[in-house]
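# need a 3D model of the sequence below.
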Amino acid sequence: MLVQRDERRPIARLLSFLEYGERLAHECAKAQAALVDEPRGRRFLLNQSRQELMHARVFRLAIAWLCPRSLGANPVLPALERYRALIDDALRRRELPETLLAEQVILEGLGEAILARIEAGLAKREAPFGRLRRVLLHQEAAHHEFGCRQLERLIGSGEASLERLRGRVPDYLDLTQAMVTTLADLFASIGEDAAAWASDAPRFLPEWLSAGAR
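From the prediction side, this is the model:
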């Protein structure tokens, strides 16, 4: 079953928001690398930054395939802009643990969940770029796992406060849920439940981080 004509524009709209998120992740990972002294961690973040830029370009290609003519201006998603502002503020304060929480753990977790749902739908519709889409999913999972491991290491060494991180979780999770809810009409137009998508993000939080979060 191919992508139906009336599904092309809403799917392209969803991908355009993912493209924006990938560009945000690209910039964040590059800035994070400057805060990391450990060579392996720095290399991973620089590699992640390059991968996120590649992801954004893949989404741009998919958008062009879905809508060969201009998609038009994409409306700003206030919750995503607020999320970017929180990450930028943490980067200015050189709060690496908070940026790992916001970007690799929560945002990458949500991105992985959304990509998995989109992948299932696109595969059912026999959309192109199947192998490339699976590579993206694998890389998103690796970025998420890296963030969780790094936070565990920083907490174990006393360089990060578990209680402080738990206190920041709701601020970021609330915004991810607002992002998805704002896109409810687009989800509905392709037969998806926005509330179900919004509920995916908390599932990617490690238990030790979500336990006790206010």
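
# quick one: low-confidence ranges for this protein?
1-3, 70-76, 117-133, 194, 197-201, 211-214 (pLDDT under 70).

# could you pull out the helices for it?
5-33, 39-66, 78-92, 96-99, 108-124, 130-156, 162-182, 184-189, 194-198, 200-203, 207-210 (DSSP state H).

# which of the ones you listed has the highest mean neighbour count?
helix 96-99 (a mean of 22; mean count of other C-beta atoms under 10 Å). Yep, even glycine has a C-beta here, placed from its N, CA and C like the rest.

# show me the contacts for residue 143.
Residues counted as contacts of residue 143 (C-beta atoms under 8 Å, 6 or more residues apart in numbering) are 25, 29, 48, 51, 104, 108.

# try 10 Å
Residues in contact with residue 143 (C-beta atoms under 10 Å, 6 or more residues apart in numbering) are 25, 29, 44-45, 47-48, 51-52, 103-105, 107-109, 111-112.

# now it, nearest residue through space, not along the chain?
The spatial neighbour of residue 143 that comes closest, neighbours along the chain excluded (C-beta to C-beta, 6 or more residues apart in numbering), is residue 108 at 4.7 Å.

# would you mind measuring from that neighbour to residue 182?
20 Å (C-beta to C-beta, to the nearest Å).

# equivalent analysis for residue 193, please.
15 Å.

# swap in residue 39?
Counting by C-beta to C-beta - residue 39 and residue 182 are separated by 40 Å.

# before we move on, what about residue 18?
14 Å.

# one more: residue 61?
25 Å.

# repeat for residue 45
Residue 45 is 29 Å from residue 182, by C-beta to C-beta.

# again with residue 135
29 Å.

# can you tell me the closest non-neighbouring residue to residue 94?
Per C-beta to C-beta, 6+ apart, closest to residue 94 is residue 35, 5.8 Å.

# and if you look at residue 98?
residue 90 (4.3 Å).

# shouldn't that neighbour be in contact with residue 101?
Yes - Residue 90 is within contact range of residue 101, at 8.8 Å (criterion: C-beta atoms under 10 Å).

# can you list residues touching both of these two?
residue 168.

# who are the contact partners of the spatially closest residue to residue 45 that is not a sequence neighbour?
Excluding its sequence neighbours, the residue lying closest to residue 45 (C-beta to C-beta, 6+ apart) is residue 33, at 3.9 Å. Taking C-beta under 10 Å, 6+ apart, we find residue 33 in contact with 41-49.
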